[in-house]
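> Structure, please.
(one chain, ligands or ions: 1)
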Amino acid sequence: METREIHIFGVPIGIGGGQTGTSHGPRHAREAGLVEMLRAQLEHVLVKDLGDVVLEGEPGRSRLQTAAEWSSLVRDQTCTLARNGIMPVVIGGDHSLATGSIAGVTSARREAGHPAPGVLWFDAHTDINTHESTPSGNPHGMSAAALTGFDVEHLSTVVGADGRIEPDRLVFMGARDIDPGEQVHLEQAGITVFSSEQIHDEGIDSIISQALEIVSPDHEPFCLSFDIDVVDPEHAPGVDTRVSEGLDPEQTKHALERIGAHAPLLLVDAVELNPETDRDNQTAQLLVACLNTLLRANVGQLLKD
Ligand SMILES: [Mn+2]
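Presented below is the predicted three-dimensional model:
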């Protein structure tokens with residue numbers, strides 16, 4: 001049988017968030033057994049750990065410019081992997097890195113004659129502020145804005161025309177902390193948001209079916225950007241920005257299992273793990289378990305592709 005490859009790399013960036021502890025996320029995820037678990041659990045898949053992408057010499061530039069420089073490195077890496085038919089699994093680090101990871105894969109898909117892929121974005125937030133609308137100034141809240149064509153200083157340059165995604169093929173899952181300016185952007189762009197409240201009311205299965213119908217209607221390959229703060233802080237305290245009323249771990253894993261079984265994944269981001277706010281490695285272990293569930297379910301799809 002043919003072998004597929006998944007390459008993991010870390011992006012120890014914290015400057016895009018409100019705290020800098022997420023820069024230790026990649027190390028923390030590896031210490032929780034990420035690489036060993038995937039190697040043991042994924043059959044017919046070669047799992048490689050490429051180590052971390054590292055930006056040299058940060059001081060002296062703005063946070064947005066620095067975040068954009070990190071994302072530019074990430075973009076080069078995911079673009080090269082996608083061109084070679086390899087699935088990048090990107091471990092953060094703060095969520096600003098998704099600007100680069102998604103733009104890289106999207107540009108590689110366009111280059112190969114495919115449309116921009118759909119993107120499923122798990123997050124307590126919608127990360128769709130610009131530098132004008134943001135209340136916090138944090139670049140990790142602007143990645144989705146740059147990717148969908150809003151003008152964000154420095155980050156939009158990383159995305160470029162070929163890295164841009166289609167707003168009507170982007171879906172947010174589990175959002176529950178949306179700034180007023182973000183609400184305006186979501187409506188302007190026509191982006192679908194399934195809030196955590198809707199998920200609790202309607203049930204995860206119904207919502208996942210609706211979300212997959214938008215990001216991958218004919219089982220086309222798509223991208224997953226997974227911010228662990230989508231899970232309730234009671235179960236995932238180790239994040240930058242805790243927001244209550246989140247998903248529970250079982251709901252989350254069930255959703256990921258269905259996503260993995262639906263279509264081949266082009267990219268997985270796993271971001272915002274902050275060991276400085278974690279409790280007994282609970283969040284790191286949950287993140288590793290989530291990735292394991294997702295990718296085990298995706299193996300059959302990858303081998304079919
Ligand atoms: Mn996020």
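
> State the distance from E36 to V288.
From E36 across to V288, the span is 10 Å (C-beta to C-beta, to the nearest Å). All C-beta spots, glycine's among them, are computed from the backbone N, C-alpha and C.

> Quick check: phi and psi on I208?
Dihedral pair for I208: phi -60, psi -40, per degrees, to the nearest 10.

> so who does it touch?
A255, R258, I259 (C-beta atoms under 8 Å, 6 or more residues apart in numbering).

> What distance do you get for it to L120?
With distances taken as C-beta to C-beta, I208 is found 9 Å from L120.

> list the residues that contact both of those two?
Joint contacts of I208 and L120 (C-beta under 8 Å, 6+ apart) are I259.

> need the contact list for Q198.
I207.

> Quick check: chain neighbours aside, which residue is closest to the residue of the stretch 51-200 of the chain found nearest the ion?
Nearest to the ion in the stretch 51-200 of the chain, going by C-beta to the ion, is H95, at a distance of 3.4 Å. Of all residues not flanking H95 in the chain, H140 sits nearest, at 4.3 Å (C-beta to C-beta, 6 or more residues apart in numbering).

> Does the one you found touch G16 like I think?
Yes: in this structure, H140 is within contact of G16 by C-beta atoms under 8 Å, at 4.0 Å.

> what do those two both touch?
Here H140 and G16 have A67, D94, H95, S96 as joint contacts, going by C-beta under 8 Å, 6+ apart.

> Off-centre distance for stretch 170-181?
14 Å (C-alpha atoms, centre = their mean, to the nearest Å).

> just stretch 213-233 next, same as before
Remark: stretch 213-233 is offset 8 Å from the chain centroid, using C-alpha atoms, centre = their mean.

> repeat for stretch 48-67
18 Å.

> Show the residue spans covered by the helices in the stretch 1-150 of the chain.
For the stretch 1-150 of the chain, the helices defined by DSSP state H, counting those that start in this stretch cover 25-31, 34-41, 63-83, 98-111, 143-147.

> Determine which of those approaches P275 most closely.
helix 25-31 (4.2 Å; C-beta to C-beta).
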